[in-house]
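In: got a predicted structure plus its sequence, pasted below:
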Amino acid sequence: MSECTFKLAICTLFDPVLYGRDENSTPGIENHFYVVYTFKPEKFYNNDYISMVNYIRRMVQRRATPTSSNYNVLLKHIQLDIIKCDELTGQEQVGYIKTFWLKIVQRRWKNVYKERQHLLRLRSNPLALKERQLTGQWPKHLRSWPQFRLNLR
């Protein structure tokens, strides 16, 4: 197995009807995300990937069978992702999706931002401002500033 680097790509679950299968195909390929198309960063910034996503979605709708167990997953997951690319023994290029890390960071930052906005509203209360003016410190329950920490445990 040779290994590629991180790439921007459109992947779909491998479907033998769409991509074909022969005696050289890697066993268990159906459980992998097949790399359909990779992009250079310039094409991403130009939004060229959008037309390719739409084209692949139409191709899947035309050629895949709706009775296939992967059909809904095939249609749902046709999008641009950051992937770690790998070439299997049957020369198929598959991707391990890494975009979810960005979503985790975005969700965590959104929560921290919301907590900070709430804290600022509480600090603008006249009683909190008066204590700050008299003592030089915020009230005890308003002293800690929410931090961005990503716990991956």
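Out: Here it is on my side, so go on. Numbering: from 1, shown residues only.
In: where does the residue nearest the centre of the chain fall, phi/psi-wise?
Out: Averaging the C-alpha coordinates of the chain gives a centre point, and the residue nearest to it by CA atoms, centre = their mean is residue 99 (2.8 Å). Torsion angles at residue 99 (phi, psi; degrees, to the nearest 10) stand at phi -60, psi -30.
In: thought it was touching residue 82?
Out: Yes: if you go by CB atoms under 8 Å, residue 99 and residue 82 touch, sitting 4.8 Å apart. Where you see a C-beta, it was placed from the backbone N, CA and C, and this is true even at glycine.
In: where do the helices sit along this protein?
Out: Residue ranges of the helices in the chain, as given by DSSP state H, are 16-19, 41-45, 49-63, 71-76, 100-123, 126-135.
In: look at residue 52 and report its pLDDT.
Out: Taken from the predicted model, the pLDDT recorded for residue 52 is 85.
In: and it, how many neighbours?
Out: Neighbourhood size, residue 52 [other CB atoms under 10 Å]: 16.
In: so who does the closest residue to it other than its chain neighbours touch?
Out: Once its chain neighbours are removed from consideration, residue 52 has its nearest residue in residue 37; the separation is 5.6 Å (CB to CB, 6 or more residues apart in numbering). The neighbourhood of residue 37, defined by CB atoms under 8 Å, 6 or more residues apart in numbering, consists of 9-10, 52, 56.
In: which one of those residues is nearest residue 92?
Out: Nearest to residue 92 out of those is residue 9 (CB to CB; 13.5 Å).
In: what residues of stretch 76-93 count as buried?
Out: Applying a neighbour-count criterion of 16 or more other CB atoms under 10 Å, the buried positions in stretch 76-93 are 77-78, 80-81, 83, 85-86, 88, 92-93.
In: which one among the residues you listed gets closest to residue 138?
Out: Using CB to CB, those come closest to residue 138 at residue 81, 43.2 Å.
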